[in-house]
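Enquirer: Provided below are the primary sequence and the corresponding predicted coordinates.
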Amino acid sequence: MNCSKQENLKDCPCSYPGCPRKGLCCQCIKHHREKEELPACYFSSKAEKSYDRSIDKFIEDQNIQ
């Protein structure tokens with residue numbers, strides 16, 4: 001499976017400056033799984049801007065909405 005970076009960038013919500021995985025979903029998911037986190041696309045836009053990718057933050061974010 002090939003990641004289509006240009007196509008993925010259209011929908012990528014990651015706002016982290018200089019992220020080398022932006023638009024490369026396979027690499028992003030792998031990176032965050034290794035850190036026991038979730039990628040930006042799982043969070044609301046407000047929660048995403050905190051750069052806290054923890055599962056606890058995801059649960060908190062889901063309970064607020």
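Expert: Received, thanks.

Enquirer: Tell me which helix or strand Cys26 sits in.
Expert: Using DSSP states H and E, Cys26 maps to helix 25-34.

Enquirer: Now do that helix: everything it contacts.
Expert: 1, 3, 8, 12, 14, 19, 21-22, 38-40, 53 (Cβ atoms under 8 Å, 6 or more residues apart in numbering). Any C-beta I mention is one placed from the backbone N, CA and C, and that applies to glycine too.

Enquirer: try it again with 6 Å
Expert: Residues from elsewhere that reach helix 25-34, judged by Cβ atoms under 6 Å, 6 or more residues apart in numbering: 3, 8, 21, 38-39, 53.

Enquirer: Mind listing what's buried along the very next helix or strand once past it?
Expert: Using DSSP H and E, the next helix or strand after helix 25-34 towards the C-terminus is helix 45-48. Within helix 45-48, the residues that count as buried by 16 or more other Cβ atoms under 10 Å are 47-48.

Enquirer: How far away from the center of its chain is helix 45-48?
Expert: Helix 45-48 has its average C-alpha position 10 Å from the chain's average C-alpha position, going by Cα atoms, centre = their mean, to the nearest Å.

Enquirer: repeat for stretch 26-37
Expert: With Cα atoms, centre = their mean as the basis, stretch 26-37 stands 9 Å off its chain's centre.

Enquirer: Buried residues in it, which are they?
Expert: Applying 16+ other Cβ under 10 Å to stretch 26-37 flags 28, 31-32, 37 as buried.

Enquirer: Return the distance of Phe58 relative to Asn8.
Expert: Going from Phe58 to Asn8 by Cβ to Cβ, to the nearest Å gives 21 Å.

Enquirer: Next one, pLDDT for the most centrally placed residue in the chain please.
Expert: Centroid-nearest residue in the chain: Ala40, 2.0 Å away (criterion: Cα atoms, centre = their mean). Listed pLDDT for Ala40 reads 96.
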